[in-house]
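J.: next input, structure requested:
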Amino acid sequence: MERMIIFFVLSFCSSMVLAAASRRAVKYKQIFKTIEELEPTVKDKDVELLHTPENPMEGCLDTAVICFKEGTLKLQPVNSQVNATFAKAIRVISKFTFRGPGKCEFSCESYEKKTPKEFLKSFANLIKEV
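T.: Model prediction:
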């Protein structure tokens, strides 16, 4: 009887761990898809260049995500027809959170500035790596 109880407890705990991992994966896929949907709706000419983290070190992933979230708020839609899609994508990205291990010594301003399209491609690459 004790073995059965232990077996059920272990089964329950392992299913909880798997569920938590899959929720995180679903969240990252949603963010990646949102970035891909946002890319064609972003104005790329005559706009402010954005600080773009590329290949951040392991301890700096959370700082890089913060830089990308702040940068997305500076993006502009290509025209008024895509405004609703654009606003929805910005809202989804602004709610995204990432908690990485450690503290980073780099600030957003330490990264090179790039165009909005390059910025979004780098953001998508970061999400793929995580």
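
J.: was I right about E54 contacting E112?
T.: Yes - applying C-beta atoms under 8 Å, one finds E54 in contact with E112, separated by 7.4 Å. Where C-beta positions appear, they are placed from N, C-alpha and C, glycine not excepted.

J.: okay, buried residues for stretch 113-121 please.
T.: Neighbour counts using 16 or more other C-beta atoms under 10 Å place 114-116, 118-121 of stretch 113-121 among the buried residues.

J.: among these, name the ones in strands.
T.: Counting by DSSP state E, these place K114 in strands.

J.: save the buried residues of stretch 113-121 as JSON lines, and put in pLDDT and distance to A25 too.
T.: What follows is the buried residues of stretch 113-121, written out as JSON lines (pLDDT from 0 to 100; distance: C-beta to C-beta, whole Å):
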{"residue": "K114", "pLDDT": "93", "distance to A25": "28"}
{"residue": "T115", "pLDDT": "93", "distance to A25": "30"}
{"residue": "P116", "pLDDT": "94", "distance to A25": "27"}
{"residue": "E118", "pLDDT": "94", "distance to A25": "26"}
{"residue": "F119", "pLDDT": "94", "distance to A25": "24"}
{"residue": "L120", "pLDDT": "93", "distance to A25": "21"}
{"residue": "K121", "pLDDT": "94", "distance to A25": "21"}
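
J.: sort out for me which of the buried residues of stretch 113-121 are in helices.
T.: Among the buried residues of stretch 113-121, the ones falling in helices (DSSP state H) are 116, 118-121.

J.: many thanks, have a good one.
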